[in-house]
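Undergrad: sequence? don't have it. structure:
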């Protein structure tokens, strides 16, 4: 059983930056594919980025966000630059089977989820 705890969210102005962290415990962190998803009020949970054998990004964040992991610290990161109001959402990290055939951008690829951290970008 993997426990995931996100941190680093907050309020930032348009054009600003934030770095989210996701601390993992209770499992073999390096063996998991890890992802970031986000959910805005009244909307579905959307894929943001993932890292497995390589990195993957939603088109809406490509070139602005960077996903990375530190296996020694059991921590996943999401560096978010050039933030826009439409990036406002609750951000969730997730862990899933690295060898799964389910597309990595699909939420059902992931077995474990954090509680989320709020990111608010003011205009």
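TA: Okay, I see it. All values reported here derive from a predicted model rather than from experimental measurement.

Undergrad: Might you report the residue contacts of residue 118?
TA: Residue 118 makes contact with 9, 10, 89, 90, 91, according to CB atoms under 8 Å, 6 or more residues apart in numbering. All C-beta spots, glycine's among them, are computed from the backbone N, C-alpha and C.

Undergrad: Leaving out sequence neighbours, find the closest residue to the second one.
TA: Spatial nearest neighbour of residue 10, excluding adjacent residues (CB to CB, 6 or more residues apart in numbering): residue 18 at 6.3 Å.

Undergrad: what pairs with the one you found across the strands?
TA: Residue 18 has the following beta-bridge partners by DSSP bridges: residue 80.

Undergrad: That one touches residue 12, doesn't it?
TA: Yes. Between residue 18 and residue 12 there is a contact under CB atoms under 8 Å: 5.6 Å.

Undergrad: Neighbour count for these two, which is higher?
TA: Neighbour totals were compared for residue 18 and residue 12, and residue 18 leads with 21 against 17 (other CB atoms under 10 Å).

Undergrad: Provide a list of residues in contact with the more buried one.
TA: Going by CB under 8 Å, 6+ apart, residue 18 touches 8, 9, 10, 12, 80, 83, 119.

Undergrad: Just the pLDDT at residue 58, thanks.
TA: For residue 58, the model assigns a pLDDT of 98.

Undergrad: From residue 76, how far out is it?
TA: Counting by CB to CB, to the nearest Å, the gap from residue 58 to residue 76 is 16 Å.

Undergrad: Who has more neighbours out of the two?
TA: residue 76 (29 against 16).

Undergrad: before we move on, which element is that one in?
TA: strand 75-80 (DSSP states H and E).

Undergrad: Strands along this structure, start to end?
TA: In the chain, the strands defined using DSSP state E lie at 3-7, 10-13, 18-25, 32-39, 45-51, 55-57, 65-70, 75-80, 89-97, 110-113, 117-122.

Undergrad: just so I know, which of those strands lies nearest residue 104?
TA: Residue 104 sits nearest to strand 45-51 of all the strands of the chain, at 4.7 Å, using CB to CB.
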